[in-house]
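Engineer: Just to be clear, the model below is a prediction. Sequence and coordinates:
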Amino acid sequence: MPNPLTIIAILLAVMSMVLFIAGILALRQKRFFGGASSLVFGLLLLSLAGLLGTITIATQGYRALTREEVAAVVQVEPVGPQRFHARFQFPDGRRATFYLFGDALYVDAHILKWRPMANLLGLHTAYELDRVAGRYTQLQDEQTKPRTVFAISQKKPLDMFNLRWRYTLLRPLLDAEYGSATCMAADKPAHLEVRVSTTGLLIRQGG
């Protein structure tokens, strides 16, 4: 099903083109006020279309969140002292395996919380898992032993999380924050579920 924002952006772009054409014709007929008004409104609609198009592209990879749900299933397999494999399976079917150092599996996420005015456009709280790492229990180990951190977010030409922090004009529409990171011991084989809710992340033993 087409994204509603994409449909709205296309409609706005078409309307802006109609207004541009009407404005140019009015100027040729020396109706300067009407022509200028059409061009201004056309530019405004084109800007809105561009904003909605940017939001559509920049939220690719994020998943809508309405309740607690499984963000990933992880199979942990120790392969030595403070070393383990973490095999991820994501809801969209993607799989990835990471070789990590540490005593525990660590995962964090980006959370997009849209404000009520954006909810009217069909935009609601969304999340994307961001990084996976190995975490040591002892501080000295964190400071001296090998660190392993990998990105698990999908690459995209634009990322709404980064755009929110870069451009203040998005503040009335969106709060962007790091979800609470979560970790679990990885010293024995385990089948885990990384779950996400509007309050953050948690890891539970899988069924």
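Structural biologist: Perfect, I can see it now. Source: prediction; values computed, not measured.
Engineer: Tell me which stretches of the chain form strands.
Structural biologist: 63-64, 69-80, 83-89, 95-101, 104-114, 126-135, 149-151, 174-185, 190-197, 200-205 (DSSP state E).
Engineer: Which strands and helices lie in contact with the fifth one?
Structural biologist: Pointing back at strand 104-114 there. Judged by 3 or more CB pairs under 8 Å, 6 or more residues apart in numbering; DSSP states H and E, strand 104-114 is in contact with strand 69-80, strand 126-135, helix 160-166, strand 174-185, strand 190-197, strand 200-205. Backbone N, C-alpha and C define where each C-beta goes, glycine included.
Engineer: Mean neighbour count and mean pLDDT for the ones you listed - can I get that in a markdown table?
Structural biologist: Compiled in a markdown table, these are given as follows (neighbours: other CB atoms under 10 Å; pLDDT from 0 to 100):
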| stretch | mean neighbour count | mean pLDDT |
| --- | --- | --- |
| strand 69-80 | 16 | 92 |
| strand 126-135 | 21 | 89 |
| helix 160-166 | 17 | 72 |
| strand 174-185 | 16 | 75 |
| strand 190-197 | 19 | 88 |
| strand 200-205 | 16 | 82 |
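Engineer: what residues are up against residue 191?
Structural biologist: By CB atoms under 8 Å, 6 or more residues apart in numbering, the contact set of residue 191 is 73-76, 205-206.
Engineer: Tell me how far it lies from residue 44.
Structural biologist: Distance of residue 191 to residue 44, computed by CB to CB, to the nearest Å: 53 Å.
Engineer: Check residue 132 too.
Structural biologist: Residue 132 sits 43 Å away from residue 44, going by CB to CB.
Engineer: Which segments of this protein make up each domain?
Structural biologist: 4-58, 63-205 (automatic domain parsing).
Engineer: which residues does residue 205 bridge with?
Structural biologist: Residues in a beta bridge with residue 205, per DSSP bridges, are residue 192.
Engineer: thought it was touching residue 194?
Structural biologist: No. Using CB atoms under 8 Å, residue 205 is not in contact with residue 194, being 11.6 Å away.
Engineer: Considering only helices and strands, which part of this structure has the lowest mean pLDDT?
Structural biologist: Of all helical and strand segments in the chain, the minimum by mean pLDDT, DSSP states H and E falls on strand 63-64, at a mean of 60.
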